[in-house]
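A.B. asks: all I have is the shape, not the residue letters:
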């Protein structure tokens, strides 16, 4: 075994032990949060979209996140503005609860497909809108391109999405100096390997263009993103695309990768503009008050 692997494997075992140690409490907390979300009207499968907001909104969490914690800010924000709002867990790994979005992204897209069908079936809507954070803003593009999702989706809003992968500020380039490291990453956390800039998954996803006809695309990025780098790699090109840097709307916005999806009201206001462009209003620093 290579020397660096002798270090990696005990470290991985230690992390797994720590995860297992907190599983009962974390699982209970996640279940309690999910119950609270449902009782508040979020993930209410009796909800019927209004004429003002005819498309139910499906929220797609990011890597290491889940359907509740990622959306404690945005879900009620949208619900309070009259949207039918839903979220789900995807990308589960065996024996790893609470922290999702780690499995192969192609399989995660299949889970999204099934959930969208469930939402459309319960609401009677013809199309849904998708809003995703990080991996959750990129993964739906596989669903749109390869799994028939374009016929069922009106708009995709990506918040700090990993559309063209990440270099992690150059750290992913170090994988080449550790023989077998890439294989280890692929075997244990496939979604992380899929999101490394230059991966085979991303080459397949982006071959022939970033978009598919009939879907409106919005990308919300922050120049302080430390996870999906460089941050402009998040942008899409093609018809029906709007790329936004939140600091261009409010220079005082200091959100980084996590914050822009969790509680950034500047980004949230832009999400509503993307979902209802006919009634969009200018997003400024004052949008945090609304």
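C.D. replies: Right, received. Where do you want to start? Remember, it's a predicted structure, so these values are computed and weren't measured experimentally.
A.B. asks: contacts and neighbour counts: CA atoms only from here.
C.D. replies: Fine.
A.B. asks: how deep is residue 226 tucked in, by neighbour count?
C.D. replies: Residue 226 has 16 neighbours, counted by other Cα atoms under 10 Å.
A.B. asks: same check, this time on residue 205
C.D. replies: 22.
A.B. asks: do residue 244 as well
C.D. replies: Counted with other Cα under 10 Å, residues neighbouring residue 244 total 18.
A.B. asks: could you do residue 122 as well?
C.D. replies: Neighbours of residue 122 (other Cα under 10 Å): 14.
A.B. asks: from the chain's centre, how far out does the helix or strand it falls within sit?
C.D. replies: Here residue 122 sits within helix 105-123, counting by DSSP states H and E. Centroid separation for helix 105-123 versus its chain: 14 Å, with Cα atoms, centre = their mean, to the nearest Å.
A.B. asks: and the very next helix or strand once past it, how far from the chain's centre?
C.D. replies: Using DSSP H and E, the helix or strand that directly follows helix 105-123 along the chain is strand 128-133. The chain centre lies 8 Å from the centre of strand 128-133; the measure is Cα atoms, centre = their mean.
A.B. asks: which other residues reach strand 128-133?
C.D. replies: The list of residues contacting strand 128-133 from outside it, by Cα atoms under 8 Å, 6 or more residues apart in numbering, reads 55-62, 116, 120, 137-138, 140, 152-161, 261, 271, 275.
A.B. asks: returning to what we had before: what's the angle from the helix holding residue 122 to strand 128-133?
C.D. replies: Inter-element angle recorded for helix 105-123 and strand 128-133: 140 degrees (by axes from the mean of the first three to the mean of the last three Cα atoms, to 10 degrees).
A.B. asks: returning to what we had before: show me the contacts of strand 128-133 that map onto helices.
C.D. replies: The members of the contacts of strand 128-133 that map onto helices under DSSP state H are 116, 120, 137-138, 140, 261, 271, 275.
A.B. asks: reformat these as a markdown table; add distance to residue 93.
C.D. replies: Formatted as a markdown table, the ones in helices among the contacts of strand 128-133 follow (distance: Cα to Cα, whole Å):
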| residue | distance to residue 93 |
| --- | --- |
| 116 | 21 |
| 120 | 27 |
| 137 | 20 |
| 138 | 19 |
| 140 | 19 |
| 261 | 23 |
| 271 | 30 |
| 275 | 32 |
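A.B. asks: element containing residue 143, please.
C.D. replies: helix 135-146.
A.B. asks: how far away from the center of its chain is that helix?
C.D. replies: Counting by Cα atoms, centre = their mean, helix 135-146 comes out at 9 Å from the chain centroid.
A.B. asks: for it, enumerate the helices and strands it packs against.
C.D. replies: helix 105-123, strand 128-133, strand 153-159, helix 200-206 (3 or more Cα pairs under 8 Å, 6 or more residues apart in numbering; DSSP states H and E).
A.B. asks: paired strands for the third one, with orientation please.
C.D. replies: Okay, so that is strand 153-159. strand 128-133 (parallel), strand 216-221 (parallel) (DSSP bridges).
A.B. asks: run the angle between the first one and helix 135-146 for me.
C.D. replies: Okay, so that is strand 128-133. Interaxial angle, strand 128-133 versus helix 135-146 (the same axes, to 10 degrees): 140 degrees.
A.B. asks: let me see the mean pLDDT of strand 128-133.
C.D. replies: Mean per-residue pLDDT for strand 128-133: 98.
A.B. asks: same deal with stretch 142-153?
C.D. replies: Here the average pLDDT along stretch 142-153 is 98.
A.B. asks: could you work out the end-to-end span of it for me?
C.D. replies: Length of stretch 142-153, first residue to last, Cα to Cα, to the nearest Å: 12 Å.
A.B. asks: buried residues in it?
C.D. replies: Neighbour counts over stretch 142-153 (16 or more other Cα atoms under 10 Å) mark 142-145, 147, 149-150, 152-153 as buried.
A.B. asks: report the two of those separated the most.
C.D. replies: Of all pairs drawn from those, the greatest distance, 13.4 Å, lies between 142 and 152 (Cα to Cα).
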